[in-house]
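> Please work out how this folds:
(one chain, ligands or ions: 1)
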Amino acid sequence: MSLSIHYWWNLFRLFLTTPSAQDWEDFYRAIPAGQIPWEPRQISPWIKSQLAAGYLKSPVLDVGCGFGVHSRWLADAGYQVTGVDLSAFAINRARESTGHRNNPEYQVVDVRSMPFDDRCFNTIIDRGTYHHQGRHKITYLRELRRVIQSGGHLILLAFSSRFPNPRRVTPRELEKNTHGLFKLEATGQEIHIQPDGLKIPLLTARLTAI
Ligand SMILES: C[S@@+](CC[C@H](N)C(=O)[O-])C[C@H]1O[C@@H](n2cnc3c(N)ncnc32)[C@H](O)[C@@H]1O
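Below you'll find the predicted structure:
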């Protein structure tokens, strides 16, 4: 698949600064379905393994849910799921794909300031959202901690340090930024294959709310 200058420019804009809601919205509107680089073709093996090992408990919050692929999968598996994203376009697409037995609830929300009660979720899924928070990472993590029950799990995927880009995340960084909020329990790696075939190594992590 050959990708246009238009595609690269829109992708580059997301990496120039901490992207705003408008930057995400513009990207989703500009890039045709099937070319969104992070759109999962399969359910994350990490999320699957954490479910199989019993680390996921309802209610689940999917932060930066995009088109809701993982929210939907978890709802189909019987979980009570809320998916939130900054982009109204992404949330509308997620809502269009409902009609299943047990639909997730979707809302346009900034994760850094959520309209949810303290400790109202038992699990949080973050596939590719934390690493885009720039200087707001601590605010973001504090807000995650506010809405999750003590002992609940944050299942996270982020660009790994094996992928040389400014947004890469190391276990050390995670440990430092989540100090006093979450305990880093496990880390690993998985590969995301983009629609253009590029293989992106992701850091996988499970953290427990203190
Ligand atoms: C790399 S995409 C991943 C989407 C989805 N998790 C997936 O795996 O397909 C990151 C998503 O996070 C959303 N996002 C980024 N910062 C956010 C924030 N502060 N609050 C809510 N959503 C955010 C973006 O709009 C985008 O949909």
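> ok, the residue lying closest to Leu74 once chain neighbours are set aside - how many residues close by?
Once flanking residues are discounted, Leu74 sits nearest to Val81: 5.0 Å by Cβ to Cβ, 6 or more residues apart in numbering. (C-beta placed from N, C-alpha, C; glycine too.) Using other Cβ atoms under 10 Å, Val81 has 28 other residues around it.
> check contacts around Val81.
58-62, 71, 74-75, 104-105 (Cβ atoms under 8 Å, 6 or more residues apart in numbering).
> just Glu190 next, same as before
Glu190 sits next to 44-46, 157, 201-202, 204 when contact means Cβ under 8 Å, 6+ apart.
> Apply 6 Å and report the result again.
45-46, 202, 204 (Cβ atoms under 6 Å, 6 or more residues apart in numbering).
> which of these sit farthest apart?
Pro45 and Leu202 (10.2 Å; Cβ to Cβ).
> Comparing these two, which residue is more hemmed in?
The neighbour comparison of Pro45 against Leu202 (other Cβ under 10 Å) goes to Leu202, with 24 against 12.
> host element of the more buried one?
strand 199-209 (DSSP states H and E).
> tell me, how many neighbours does Tyr28 end up with?
The burial count for Tyr28: 21, using other Cβ under 10 Å.
> Repeat that for Gly128.
Other residues close to Gly128 by other Cβ under 10 Å number 21.
> Give me the phi and psi for it.
phi 90, psi 20 (degrees, to the nearest 10).
> what about the closest residue to it other than its chain neighbours, is that helix, strand or coil?
Spatial nearest neighbour of Gly128, chain neighbours left out: Trp38 (5.2 Å); criterion: Cβ to Cβ, 6+ apart. Judged by DSSP: H, G, I helix; E, B strand; the rest coil, the three-state class of Trp38 is coil.
> so Trp38 makes contact with Thr129?
No - taking contacts as Cβ atoms under 6 Å, Trp38 lies outside contact range of Thr129: 9.8 Å.
> Let me see the contact set for the residue in the chain that the ligand sits nearest to.
Nearest to the ligand, among the residues of the chain, is Gly64, at 2.5 Å (Cβ to the nearest ligand atom). Residues near Gly64 by Cβ under 6 Å, 6+ apart: 85, 129.
> how about 10 Å then?
For Gly64, the contact set (Cβ atoms under 10 Å, 6 or more residues apart in numbering) comprises 24, 38, 83-87, 90, 109, 111, 125-130, 132-133, 140.
> what do you get for Asp76?
100-104.
> Now the two most distant members of those.
Longest span within these, Cβ to Cβ: Arg101 and Pro104, 11.5 Å.
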